[in-house]
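A.B. asks: Mind folding the following:
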Amino acid sequence: MAGLFWFFLQMGFVSFGGGYALIPLIERETERQAWMSNDMLVDVIAVAGMSPGPIAVNLGMLVGYQTYGVIGAMISVLGLLLPSMVMIAGLIYFITRDHKNYLKRCMYGIQPVVAALILFAAYQLCAAHLSASMPIKEVLPAILIVAVCFYMLFRLRLHPFAILLFSGICGAAFYA
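C.D. replies: Okay, the predicted model is just below:
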């Protein structure tokens, strides 16, 4: 359990950009520690993404729960949240000392890394579900759903819940 806490404590320190940026790191560690299978992790990521609240906390809680039960869930969430609480307290002190420009430059430097981690997580999720042996009739609906969801998100600016609901209905219709 100490390994679980230590891992999520480290994740809490590098969780800039939200939980989607952490998915590749969590995937690598769950595979290395054999906490759960890759298929189970994909399911856990889907549940964490659809659940209310931050995906990092949801994902950490579900990985901890699958690994060590309720105690594991509490340990992983504590590991994830403790660094944020310490950092926020430090940032409040730092900002009140009129160092806003330095902090702003640091955040601009972190943004490209966060974008790369999120794109890598999307790639990993797609690669886990798609294979060369899949028939085209299973791949095309997935590509169509993704394209329509991007359109709904970026052009129509619909709420993410509406997009999740739409994609769930489409998935049920196409893959029933």
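A.B. asks: Show me what the helix or strand containing Ala48 is packed up against.
C.D. replies: Using DSSP states H and E, the element containing Ala48 is helix 38-50. Judged by 3 or more Cβ pairs under 8 Å, 6 or more residues apart in numbering; DSSP states H and E, helix 38-50 is in contact with helix 23-33, helix 55-96, helix 100-129. C-beta coordinates here come from the backbone N, C-alpha and C atoms, glycine included.
A.B. asks: Out of the ones you listed, flag the one nearest Trp6.
C.D. replies: Closest to Trp6 of the helices and strands packed on helix 38-50 is helix 55-96 (Cβ to Cβ; 7.2 Å).
A.B. asks: on that earlier part again, and the helices and strands packed on helix 38-50, which one averages the lowest pLDDT?
C.D. replies: Of all the helices and strands packed on helix 38-50, mean pLDDT reaches its minimum on helix 100-129 (a mean of 78).
A.B. asks: mind exporting the helix or strand just after that helix as CSV, just the C-alpha atoms?
C.D. replies: Next helix or strand after helix 100-129 toward the C-terminus (DSSP H and E): helix 136-154. Output of helix 136-154 as CSV, limited to C-alpha atoms (Å, rounded to 0.1, in the frame of the first residue of the first chain):
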residue,chain,number,x,y,z
ILE,A,136,-14.2,-1.9,-41.1
LYS,A,137,-17.8,-2.0,-40.1
GLU,A,138,-16.8,-1.7,-36.4
VAL,A,139,-14.2,1.1,-37.0
LEU,A,140,-16.2,3.4,-39.2
PRO,A,141,-19.0,4.0,-36.6
ALA,A,142,-16.4,4.8,-34.0
ILE,A,143,-14.7,7.3,-36.3
LEU,A,144,-18.0,8.9,-37.2
ILE,A,145,-19.0,9.2,-33.5
VAL,A,146,-15.6,10.9,-32.7
ALA,A,147,-16.0,13.3,-35.7
VAL,A,148,-19.6,14.3,-34.7
CYS,A,149,-18.5,14.7,-31.1
PHE,A,150,-15.7,17.0,-32.1
TYR,A,151,-18.1,19.0,-34.2
MET,A,152,-20.6,19.2,-31.3
LEU,A,153,-17.8,20.3,-28.9
PHE,A,154,-15.9,22.8,-31.0
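A.B. asks: Now do helix 136-154 and helix 100-129, the angle between them.
C.D. replies: 160 degrees (axes from the mean of the first three to the mean of the last three Cα atoms, to 10 degrees).
A.B. asks: Now do helix 136-154: distance to the chain's middle.
C.D. replies: 20 Å (Cα atoms, centre = their mean, to the nearest Å).
A.B. asks: returning to what we had before: including distance to Leu144 and mean neighbour count, could the helices and strands packed on helix 38-50 go into TSV?
C.D. replies: Shown next, in TSV, are those (distance: least, Cβ to Cβ, whole Å; neighbours: other Cβ atoms under 10 Å):
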stretch	distance to Leu144	mean neighbour count
helix 23-33	24	17
helix 55-96	25	17
helix 100-129	14	13
